[in-house]
Structure formats: C-alpha cells, structure tokens
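S.K.: Sequence first, then the predicted structure, then my questions.
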Amino acid sequence: AHAKTFTIGVFIGDEQFGAGEDIAEADLQAIRSTYNSYALYLQKTHILVAADRILSTADLMSSQAAQLQTKITQAQSTGSDVAELQRRLASMEGGITAAKTQANQAIATVTPLTAAGFPANKTQLQSARQMIQAGHKDLLTVRQDAQQIIVGLLKMNKTAGASVTPKVTCIPRPVCLDAT
C-alpha cells in the first residue's frame with residue numbers, strides 16, 4: 001500500500017518556502033484533526049465561560065432581588081402602593097430564572113461535543129451561542145427592572161418626607177473623604 005503524498009509550498013512575497021516538501025496523507029489527517037480539536041474547543045470554551053458568567057451574574061442578581069423584596073415590604077408596611085414594584089420584581093425573578101435556564105442549556109449542549117464530530121456539530125455550537133445571547137438579553141432586562149424598582153423606592157422615600165442622602169462607603173475609607 002502506497003501512502004498518498006501532497007506537495008506543499010508557502011509563498012511570502014516573491015519567495016517560496018518549503019517548496020517541494022512532501023506530506024503524507026496521514027500527516028494531513030493529523031493536521032486536520034488537530035485543527036478540528038482547536039476549532040471546537042476554542043468555541044466550546046467561549047460558550048462555557050459565557051454561560052458561567054451568566055450563572056454568576058444571575059446569582060448576584062438573585063441576592064439583589066431578595067434585598068429589593070425586603071425594601072418593597074418595608075415600603076408596603078408604611079402604606080405605600082407597591083403593586084408596580086411587585087410586578088417588576090416578579091419580572092426580575094422570571095428573567096433571572098430564564099437566564100439561568102438558557103446558560104444551563106448551553107452548557108448541556110456543548111459539553112458532550114467532541115472534535116471527531118466537528119464541523120458536523122456546528123449547529124449545536126450555533127444553538128448554544130443563541131442560548132447565551134438570549135440569557136444575556138434576559139439579564140439586561142433584569143437589570144432594567146432592578147433600576148426601575150430602585151427609582152420607585154427612592155420616589156416613595158421622597159414623598160414620605162424622608163430625605164435621600166447617598167452614603168459613600170469605602171473599605172478602607174480614603175483619607176480624602178474625611179478632609180473637608
């Protein structure tokens with residue numbers, strides 16, 4: 001059995017490098033396999049990192065939602081109408097759940113992919129990428145809801161006669177903040 005060979009030459013400007021070098025078909029298969037591994041794992045890594053970032057951000061936003069729930073409950077106990085704030089909080093919690101679901105689905109989609117199936121498994125990579133984009137959009141919506149809740153709470157504090165003074169906290173506290 002004779003191995004097929006291919007001649008490779010690279011041109012840079014007017015000069016040719018590696019002219020006439022023969023590469024066996026088995027070597028080309030090894031190069032192709034290495035490239036497929038690199039191409040797959042690079043995309044897979046980007047998707048997994050983005051999914052992890054979405055999950056971490058969603059966890060932070062969940063703790064923020066819990067804090068906002070406490071503030072809304074306090075405002076309600078003073079007799080304020082908090083129906084709109086409750087609606088936004090429910091939307092916020094729904095968006096957090098949706099973002100986590102999208103991220104977990106993206107992880108489940110790309111984790112079993114192998115280089116042997118590349119490039120045939122590009123559709124799964126594209127699907128996972130779309131899941132990541134959807135999760136990112138969900139988190140942007142959650143952020144907007146949180147901002148609207150904060151604005152609503154601040155307005156309630158102003159109408160209740162309480163003065164809203166921003167509090168600067170730094171750890172450790174810079175000396176420049178103490179100088180007046």
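M.R.: In hand now; what should we look at?

S.K.: Residue 120 in helix, strand or coil?
M.R.: Counting by DSSP: H, G, I helix; E, B strand; the rest coil, the backbone at residue 120 sits in coil.

S.K.: could you check the distance from residue 159 over to residue 79?
M.R.: Separation of residue 159 from residue 79 (CB to CB, to the nearest Å) stands at 11 Å. From N, CA and C alone the C-beta is placed, and that goes for glycine too.

S.K.: which residues do these two both contact?
M.R.: Common neighbours of residue 159 and residue 79, using CB atoms under 8 Å, 6 or more residues apart in numbering, do not exist here.

S.K.: All the strands of this structure, residue numbers only.
M.R.: Ranges of strands in the chain, per DSSP state E, are 5-12, 15-24.

S.K.: weakest of those by average pLDDT?
M.R.: Least confidently modelled of the strands of the chain is strand 5-12, at a mean of 47 by mean pLDDT.

S.K.: Run a quick neighbour tally on residue 142.
M.R.: 26 (other CB atoms under 10 Å).

S.K.: got it, and residue 126?
M.R.: Residue 126 is flanked by 12 other residues according to other CB under 10 Å.

S.K.: How confident was the prediction at residue 168?
M.R.: 49.

S.K.: what do you get for residue 155?
M.R.: We have a pLDDT of 90 for residue 155.

S.K.: Same question for the one 10 residues further on.
M.R.: At residue 165, the predicted lDDT confidence score is 54.

S.K.: Could you tell me how many residues sit around residue 87?
M.R.: Residue 87, neighbours per other CB under 10 Å, totals 13.
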